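S.K.: Would you be able to build a 3D model of this:
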Amino acid sequence: MSKIAKVKPYTIENGDGIRVSIFFSGCEHYCKNCFNSELWDFNIGETFSREYYENKIKPLIKDYINGISLIGGEPFHPKNFLDTYRLIHQFFLDFPGKTIWVYTGYEYEYLHSSQYLLELCEATQNRIPTMFLLHSIFYYIHVLVDGKFIEEKKQLRLAYRGSTNQRIIDVQKSLRENKIILYKE
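M.R.: All right, here's what the predicted structure looks like:
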């Protein structure tokens, strides 16, 4: 079971508009000078569950909230993947007009690779449902900010990311066109 380190209501730095940012615990990218290095530990925070979602996330989604942003730690780490899927799926069903942004140190291409799928299958012990979940999760995500933070490529004036190697990807357009389409800021 994944842990949520914190939930920040009313944020503007993790995507367009006013958002609720949800911070997953656990990351193994270990980026130099990571701004959330305290979240590398998978044991920080509260265990994610349906009850957690209903009591601590859903009540924060007011009319003026544009959507949620999943950040970390690493939402796509194999240990966090199933709960990332559950959270995104339930949010999409409850709030179909709101957007979902996900921040990950993995690159978009890797998340669509057979190597990542194998890692997920090992972590979940179940190949067929995991493959379905991996393919379907991207149909719920609007924007993916991908790539590790690289200190040497840090720029303070970048919107929604910390280093120039990170991309802000319009996931729905990328899926439709079968190539990476960057999000128009």
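
S.K.: What sits closest to the residue of the chain most remote from its centre if chain neighbours are left out?
M.R.: In the chain, residue 152 marks the outermost C-alpha relative to the chain mean, sitting 23.5 Å out by CA atoms, centre = their mean. Excluding the flanking residues, the one nearest residue 152 by CB to CB, 6 or more residues apart in numbering is residue 163, at 7.9 Å. (Glycine included, C-beta is placed from N, CA and C.)

S.K.: Check the gap between the one you found and residue 136 for me.
M.R.: 30 Å (CB to CB, to the nearest Å).

S.K.: any idea which helix or strand of this structure has the worst average confidence?
M.R.: Here the helix or strand of the chain ranked lowest by mean pLDDT, DSSP states H and E is helix 127-137, holding a mean of 81.

S.K.: what sits up against the following helix or strand past that helix?
M.R.: Where DSSP states H and E defines the elements, the next helix or strand beyond helix 127-137 is strand 143-146. Where contact means CB atoms under 8 Å, 6 or more residues apart in numbering, the residues beyond strand 143-146 that reach it are 15, 99-108, 111, 160-161, 166-171, 183.

S.K.: Please list the members of those residues that lie in strands.
M.R.: Of those, the ones assigned to strands by DSSP state E are 99, 100, 101, 102, 103, 167, 168, 169, 170.

S.K.: All the helices of this protein, residue numbers only.
M.R.: 50-52, 81-94, 108-111, 114-124, 127-137, 171-177 (DSSP state H).

S.K.: what distance separates the strand of greatest length in the chain from the centre of its chain?
M.R.: For the chain, the longest strand by residue count, based on DSSP E, is strand 3-11. Strand 3-11 has its C-alpha centroid displaced from the chain centroid by 12 Å (CA atoms, centre = their mean, to the nearest Å).

S.K.: What of stretch 167-177?
M.R.: Distance of stretch 167-177 from its chain centroid, counting by CA atoms, centre = their mean, is 15 Å.

S.K.: What does the pLDDT read for the residue nearest to residue 152?
M.R.: Looking at residue 163, its pLDDT is 95.

S.K.: State the number of residues packed around it.
M.R.: A count of neighbours around residue 163, defined by other CB atoms under 10 Å, yields 16.

S.K.: Contacts only, for it.
M.R.: Counted by CB under 8 Å, 6+ apart, residue 163 has contacts 147, 149, 150, 151, 152, 153, 154, 155.

S.K.: Swap in 6 Å and give it another go.
M.R.: 149, 150, 153, 154 (CB atoms under 6 Å, 6 or more residues apart in numbering).

S.K.: top of these by neighbour count?
M.R.: Among those, residue 149 has the most neighbours (other CB under 10 Å), with 20 neighbours.

S.K.: Could you pull up the residues touching that residue?
M.R.: Applying CB under 6 Å, 6+ apart, we find residue 149 in contact with 31, 34, 162, 163.
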